[in-house]
Structure formats: C-alpha cells, structure tokens
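Peer 1: Using only what follows, build the 3D model:
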Amino acid sequence: MTSYTPGRVALYGTDFTADPNTVYARLRQYGPVAPVEIAPGVAAHLVTDYRAALDLLKDTETWSKDPRVWQETLPPDCPILPMMKWRPNAMFNDGETHRRYRSVITDSFSRIEPHHLRRQVAKAADQLISEFAAAGEADLVGQYARPLPLILFNALLGMPDHYGPRLVEALTSLFESADTEEAHKGDTDFERYMIELITLKTQQRGNDLSSWIMDHPAALTPEELVHQIGIAMAGGNEPTTNLISNALSRMLSNPDYYSTLTNGALTAHDAINDVLHNEPPMANFSAHFPRRSVRFHGTWIHAHQPVLVSYHAANTAHDGLPTGSVRSGGGAHLAWAAGPHACPVKQPAMLIATAAIERLTSRLCDLELAVPRSELTWRPGFFHRALAELPARFTPLSSDGAGATPLTSPSSSTSRKMTSALQPAAFESRGDWEK
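Peer 2: Model prediction:
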C-alpha cells in the first residue's frame, strides 16, 4: 500500500486518538462529506453532517452495504479488512438477504426477558466487583466494563465460563486493528471461537441465545450461523464496554452527577445519554458503497468506494448546547445509526449499561477517579471511542461486604457528596427504552 494521500485527512495515528474533535473540526471545513484515509493508502469519505448522514443511512437505492467489489482492490493484509470485509450476516448485505439475517437477531433477542437480563447483569457485576472490592482501587475498564459484557454474553449464548478470556483477547485484537498481524489474528481467533460454540450447541441445545438462533425459521447454514452469532457477540460487546466506561468516566468527573440545585442528582441514564450524544462508543462506522458514481451533498464519489458515517462528528456539530453540557432528556443522535441497518438491539444494550453502572455505584458508592479525566488514555482506532483504562479508588470492602463506610472514611468531600447521590434509589431505571 502507498503512504498518506495528499488532501485526505488521516483517521489513524496518535493525533486522532488523542483529540478526535480537532480532527472533526478540520473535516467539517470540507462540507458535509470529507476525504479521509482509514488506513495508510486506503481512501474513503466520511460524513460529518447529521442531515447528510440520515440521507445516506436511509437511501437503499443509491447505497449498498456490500463491500465485496471494493475489498477486491485491497491487499489481503490490509488492517481494516477484519472490520470491513464482507460476511454473510446482517451488517454486510442488502434487501431480502439483509431482512432474513436481521430477523434472526431481532427475534432471538426478543426472547430475553428484561428482568432476566437485569439479574444476569447483576450476577456478572457482583462476580467482578468481588475480585477488586477489597483493594480499594481498580481499573474500571480492564476489571469491570470490558469483562462484564463477555461474561454476560457467554451466559446468554450458553457457553462455559472458561471461554471468556479467549474471547476478550480475540475481540480486543479485532477492534484495535492498529497492527495488521494482530488484527487478523483477532479475526481468526474470534471465528475459531464461533465455530467451537456452534459445535457445542449442535451437540446439545439449551434455553439460550445460540440455540434460538440455530432453531430460527430462517434456517441458517452452518457458515451463516457462525457469522450471525459472531455479529451478535462482537456487536454487543465492544460498544457496550465503551458505553459503560465512557459513562462512568463522565459521572466520576462531573459534580453535576452528585448534586444539582434544580432536580437532584443526575442518573446513570443521563450519563449514558450524554455519551451517546457526545462520545458515542462506535464513533465512525456504517460503511456504505454507492451502486454507481454519485454526487452526494456536493462531493463526487465513485461507484463502490467506501463512505462511512461519523456518529461522533454528526452528533456534536452545531447542536446548540454549550460545551460540557449534560443531556438529561434524550434527544436525537446517531449513536445507534439509522435506517434499515440501525442497531437492532439498542434496548438490551441500554439495559445492560444502565444496570452495570447502577450495580457498581451502589456497591462502591464513594467511587472517584484516581486521575483527572483529561489525563485518561484512549485506545487507538477510528471505529470506536474507547478508554484504555479507567483508574478509580474507593473505600475498600472486605469479602463479606464489611468495611469502613464512605461517610466515616477519610475520603474527599466530593466522595462524601457521592454517597447520597449514588444510592440505588437515585439510579432507578426510567424504563422508557423497555417499552
């Protein structure tokens, strides 16, 4: 592959990871659609405007999700292929094929009862919290937000617990995709995990997500099964991890979540909405390919060339809110994408993230960041906005839950404010996404 192409803005490297908003501001100077490089020598366009993004996401006549013509132009070791190459699943197909694959996901997830899912989240959360509660400090990414969805999905898919570490390593490598060899290894390891899962569930069905997908009337082939279960796992894990950790980082660094003069403490639900608008877990994705050469919002795009949507840039451009404002009432955003390929399981994802934050902050109610939020580090990669770690401290708890209370421990005044604000009652789910 060639080196950087003049005139295109690179969406890789340390500058983008450290300060994506500055890069988005530069991209907006091109108009609604900007020329970018998504890997060295790999050209694409990025939509940074909200209205233009909706136009693209909803126009299935002009745009296709099938990347096969484009990917034939790339070398097999291209580092972005593991995230963007064609697979027989709902993400990379159109029309009736897409509807068939999508129905498997929506129908199967609809069988998970919300109260059962909440109990499973609490069980996974308690397991993880018990491993670091006595230490008085933890990395809330590596020790909580990242393993929690994997433990949860392992259970939902009917897999033994010891498969979890393998899954963590595979998906981390896949989503990092900064190193070509590592990205492809993650892709291979993840598919191997999926094949073993199919083998186990073929031998013995259960009351689990894998079995429901396998027994769905769509009658998926063995290859399709691997990729449908794979997208359910990968799509449910990485964004949920980032949603939990990004929301926690905002909560633990913003006193508005502890007390306000008008309506009391803001909630976990508010923190999640804040992240969905201002720091979406999947920052840039929704790759589309024009079926023919087209002029789109003033930019000429050749047939079969990739156009991605920046949920992050589109959400944060000219929304009328002061910088740093917290949204408590929802509102329009593109964190779930839109159109026929919008996230099919956003309600379970919201439930998982909210329940995970509630459980953590009620068990460790004087949590605070160990470093200023401005000093947190972010994982490389333009697809996601993901913290590398989230160091926090709290009053240690013994294995039986006993220990000095936050009110009597020598912690900061900020921590004492949190004690009353982060009680379980303050985090009752509003339930509007469960309807």
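Peer 1: Quick check: closest non-adjacent residue to Ile195.
Peer 2: Spatially, and ignoring its direct neighbours in sequence, Ile195 is nearest to Val226 (6.0 Å; CB to CB, 6 or more residues apart in numbering). C-beta coordinates here come from the backbone N, C-alpha and C atoms, glycine included.
Peer 1: quick one: what helix or strand has the one you found in it?
Peer 2: Taking DSSP states H and E as the definition, Val226 sits inside helix 222-251.
Peer 1: could you say what helices and strands that helix packs with?
Peer 2: helix 95-109, helix 147-156, helix 164-176, helix 180-203, helix 209-214, helix 268-278, helix 346-363 (3 or more CB pairs under 8 Å, 6 or more residues apart in numbering; DSSP states H and E).
Peer 1: Comparing those by mean pLDDT, which bottoms out?
Peer 2: With a mean of 73, helix 164-176 has the lowest mean pLDDT of the helices and strands packed on helix 222-251.
Peer 1: Check what contacts that helix and list those residues.
Peer 2: 82-83, 146-147, 150-151, 154, 182-183, 185-187, 189-190, 193, 233-234, 237-238, 379-381, 383-384, 386 (CB atoms under 8 Å, 6 or more residues apart in numbering).
Peer 1: quick one: contacts for the residue most central in space within the chain?
Peer 2: For the chain, Pro239 is the residue whose C-alpha lies nearest the centre (CA atoms, centre = their mean; 1.1 Å). Residues in contact with Pro239, defined by CB under 8 Å, 6+ apart, are Pro281, Met282, Ala349, His384.
Peer 1: Spell out the residue ranges of the helices in the stretch 301-435 of the chain.
Peer 2: Per DSSP state H, counting those that start in this stretch, the stretch 301-435 of the chain carries helices over the ranges 311-316, 346-363, 413-421.
Peer 1: Run the chain-centre distance for the first one.
Peer 2: Average the C-alpha atoms of helix 311-316, do the same for its chain, and the two points are 15 Å apart (CA atoms, centre = their mean, to the nearest Å).
Peer 1: ok, now the second one?
Peer 2: How far helix 346-363 lies from its chain's middle: 14 Å, per CA atoms, centre = their mean.
Peer 1: Report the angle between it and helix 147-156.
Peer 2: Interaxial angle, helix 346-363 versus helix 147-156 (axes from the mean of the first three to the mean of the last three CA atoms, to 10 degrees): 120 degrees.
Peer 1: Report all helices and strands that helix 346-363 contacts.
Peer 2: Packing partners of helix 346-363 (3+ CB pairs under 8 Å, 6+ apart): helix 114-132, helix 147-156, helix 222-251, helix 268-278.
Peer 1: so can I have TSV of these showing distance to Thr316?
Peer 2: Converted to TSV, the helices and strands packed on helix 346-363 look like this (distance: least, CB to CB, whole Å):
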stretch	distance to Thr316
helix 114-132	29
helix 147-156	25
helix 222-251	14
helix 268-278	6
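Peer 1: of all the ones you listed, which lies closest to His288?
Peer 2: helix 222-251 (17.2 Å; CB to CB).
Peer 1: in the closest one, what counts as buried?
Peer 2: Across helix 222-251, burial judged by 16 or more other CB atoms under 10 Å covers 224-251.
Peer 1: list the contacts for the closest residue to Ala342 other than its chain neighbours?
Peer 2: Leaving aside its sequence neighbours, Ala342 sits nearest to Trp336 (CB to CB, 6+ apart; 5.5 Å). Taking CB under 8 Å, 6+ apart as the criterion, Trp336 is in contact with Leu276, Ala342, Cys343, Lys346.
Peer 1: Taking those residues, tell me the two that lie furthest apart.
Peer 2: Applying CB to CB across those, the maximum distance is between Leu276 and Ala342, 13.2 Å.
Peer 1: of these two, who's got more company?
Peer 2: Just comparing Leu276 and Ala342: by other CB atoms under 10 Å the higher neighbour count belongs to Leu276, 25 against 14.
Peer 1: I'd assumed Cys343 was in contact with the more buried one.
Peer 2: No: Leu276 is beyond contact range of Cys343, at 11.0 Å (criterion: CB atoms under 8 Å).
Peer 1: TSV please, covering the contacts of Pro239 and showing distance to Leu369.
Peer 2: Output for the contacts of Pro239, formatted as TSV (distance: CB to CB, whole Å):
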residue	distance to Leu369
Pro281	19
Met282	24
Ala349	24
His384	21
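Peer 1: and which of these is nearest Ala18?
Peer 2: Nearest to Ala18 among the contacts of Pro239: His384, at 14.5 Å, using CB to CB.
Peer 1: Local confidence estimate at the closest one?
Peer 2: Looking at His384, the pLDDT reads 91.
Peer 1: for Leu261, same thing?
Peer 2: Turning to Leu261, the model gives it a pLDDT of 40.
Peer 1: Which one, of the helices and strands packed on helix 346-363, ends up nearest to Asp66?
Peer 2: helix 222-251 (14.1 Å).
Peer 1: any idea of the angle the closest one forms with helix 268-278?
Peer 2: Using the same axes, to 10 degrees: helix 222-251 against helix 268-278 is 110 degrees.
Peer 1: By mean pLDDT, which helix or strand of the chain comes out lowest?
Peer 2: Least confident helix or strand, the chain: helix 413-421 with a mean of 36, by mean pLDDT, DSSP states H and E.
Peer 1: any low-confidence regions in the protein?
Peer 2: Scanning the chain for pLDDT under 70 picks out 1-6, 175-180, 258-265, 318-331, 399-435.
Peer 1: same thing but at 80, please
Peer 2: Applying pLDDT under 80 to the chain picks out residues 1-7, 164-165, 167-169, 171-184, 187, 234-235, 255-266, 318-331, 398-435.
Peer 1: that older thread, among the helices and strands packed on helix 222-251, which is nearest His116?
Peer 2: For His116, the closest of those is helix 147-156, at 9.4 Å, according to CB to CB.
Peer 1: could you give the angle of that closest one to helix 180-203?
Peer 2: Using the same axes, to 10 degrees, helix 147-156 lies at 30 degrees relative to helix 180-203.
Peer 1: and helix 147-156, what does it pack onto?
Peer 2: Short answer (3+ CB pairs under 8 Å, 6+ apart): helix 147-156 packs on helix 114-132, helix 164-176, helix 222-251, helix 346-363.
Peer 1: now the closest residue to Phe16 other than its chain neighbours, what's its secondary structure?
Peer 2: Nearest residue to Phe16 in three dimensions, chain neighbours excluded: Val23, at 5.2 Å (CB to CB, 6+ apart). What DSSP: H, G, I helix; E, B strand; the rest coil gives for Val23 is helix.
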